[in-house]
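J.: Next comes the sequence, and after it the predicted model I'd like to discuss.
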Amino acid sequence: MEVNLDKIRENYAQMSDLKLERIAKSDIASLHPDVVPIVKEEIKKRGLDENLYRGIEAQTTEFTEEQVYAMRDKIKSLSCPKCGEHKDDLYGGIIRKVRSYIVFTSYQTKSLIACRSCVEGERKAQLIKNSLLGWWGFPWGLFIHTPHSIINHFLDLRKREETSEALLIGFALENIGELTTNWEDEDALVEFIHHHNNQ
């Protein structure tokens, strides 16, 4: 299928700066190779942050194991996006949340990247809330999701370090463009992780 580059160039010219930056940071790998130079041209034409080029390059480059670990270490070295402290390395954990409303039960599992005390504090808080608020839905809350979340909370304790490592590396790989673009701007990285935690 032939790509109409002139039409694509027009579309990018009409795009907002925010959308163009998002594409440069996270969607480049999904674009046709002939479109990438158009994105770069548009960034240059608008005078946007030159670090966006690094984000684009990162998404089209194969990374070595050492480079992935360097990104993981960069994440670990940041201030906590939850409490703002810089006491120890950032850490990844699984948070399980169950809420029941008689005939409706919601069950959510998400990752949280923060300092160890914030992650463990959130895990304990959700365990208590799940124990109090998860049972009220029949049958999903009472018999399935609440017991499942409580059992898995304790199983998660056995593999905290492995889980943290997997979450941090996974986060780095999924967000290579964002991390590379803002490599020198730690406040922007902390804000990005904060946004990820609150999704």
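T.: Arrived safely. If you're wondering where the values come from, they're calculated on a predicted model, not measured in any experiment.

J.: Can you check the pLDDT for the residue nearest to residue 29 when sequence neighbours are not counted?
T.: Nearest non-adjacent residue to residue 29, counting by CB to CB, 6 or more residues apart in numbering: residue 59, 4.7 Å away. Just so you know, the C-beta spots here come from the backbone N, C-alpha and C atoms, and that holds for glycine as well. Listed pLDDT for residue 59 reads 86.

J.: Could you measure from residue 59 over to residue 167?
T.: Separation of residue 59 from residue 167 (CB to CB, to the nearest Å) stands at 21 Å.

J.: just residue 16 next, same as before
T.: Distance from residue 16 to residue 167, counting by CB to CB: 32 Å.

J.: the more surrounded of these two?
T.: Between residue 16 and residue 167, counted using other CB atoms under 10 Å, the more crowded position is residue 167 (20 against 8).

J.: so that one makes contact with residue 111?
T.: Yes: contact criterion CB atoms under 8 Å: residue 167 and residue 111 qualify, at 5.0 Å.

J.: Show me the common contact partners of these two, please.
T.: Here residue 167 and residue 111 have 92-94 as joint contacts, going by CB atoms under 8 Å, 6 or more residues apart in numbering.
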